[in-house]
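Q: Sequence first, predicted model second:
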Amino acid sequence: MPPVQTLKAACVLALTTALALTAAPALTAAPAHGAGHSTAIGTGIGTGHGHDSAPELIQTYAATRHYQHVKRAQRDGYLPAGPCAARSGEGAMGYHYVNQRLINSTDPVKPAAVVYHRDRHGKLRAGAVEWIVRDADQNVETDRDRPVMFGDRHFEGPEEIPGLGVVYTLHAWIFTDNPRGVFHPWNRRVQCP
């Protein structure tokens, strides 16, 4: 099963488990690892450095799943931020919709951007979420303030992005499978027109 489908299944399982355990509050503090979470970790959702990022990614998915509909993202302040992003030989990211109020957030449930791509019918489809953190000294030559999320996942950058300045970014492909990994910024399965 592709990592995205595994993540969605794990999210549904986690939410169902949490609801089922509300009658027993003492049990809700412990995640239900024996009930399918190890499957997600085994398919690339973990970071690969000894930290299990699946529980946080499940939280991210649960908080952002309604943004699969671009109109809902726009209602919540995510606005188009430029053309489709692609890189020769790497694939594409897609169209970034950025919520300026969430820039500098490192909260797993508050990404600054939702990244969309067009499906084969031309409809915008959510692919990834992205956290964007401004570099404190705005110097691409230094990285002393590089953020880390999901235990040990370092942000990409710093790089200068027009309209944002010098920033660090972290993508999580939670809606569209990325064969290079959930945190890899570019996806060869995504194309720009």
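A: Done, it's in. Keep in mind the model is a prediction, meaning the values are calculated, not measured.
Q: And the helices in the chain, which stretches?
A: With DSSP state H, the ranges of helices along the chain come out as 3-20, 37-40, 54-64, 70-75.
Q: Buried by neighbour count: which residues of the third one qualify?
A: What it means is helix 54-64. A54, P55, E56, L57, I58, T60, Y61, A62, T64 (16 or more other Cβ atoms under 10 Å). In this view, the C-beta of every residue, glycine as well, is placed from N, C-alpha and C.
Q: that older thread, need the least confident one among the helices of the chain, by mean pLDDT.
A: Mean pLDDT across those is lowest at helix 37-40; the value there is a mean of 26.
Q: Across the sheet, point out what pairs with V166.
A: Per DSSP bridges, the residues bridged to V166 are E160.
Q: contacting residues around it?
A: Contact partners of V166, counting by Cβ atoms under 8 Å, 6 or more residues apart in numbering, are R134, D135, Q138, N139, V140, G157, P158, E159, E160.
Q: ditto for Q138
A: Contacts of Q138 (Cβ under 8 Å, 6+ apart): G165, V166.
Q: Show the pLDDT at it.
A: At Q138, pLDDT is 97.
Q: go on, P193?
A: With respect to pLDDT, P193 scores 89.
Q: looking at it, it is touching A92, isn't it?
A: No - counting by Cβ atoms under 8 Å, P193 stays clear of A92, with 10.0 Å between them.
Q: Identify the contacts common to the two.
A: C84.
Q: quick one on the thing from earlier: a markdown table for the contacts of V166, including distance to Q74?
A: Formatted as a markdown table, the contacts of V166 follow (distance: Cβ to Cβ, whole Å):
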| residue | distance to Q74 |
| --- | --- |
| R134 | 23 |
| D135 | 28 |
| Q138 | 29 |
| N139 | 33 |
| V140 | 31 |
| G157 | 26 |
| P158 | 28 |
| E159 | 26 |
| E160 | 26 |
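Q: Make a ChimeraX selection of the buried ones in those residues.
A: To isolate the buried ones among these in ChimeraX, judged by 16+ other Cβ under 10 Å, type:
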select :135,157,158
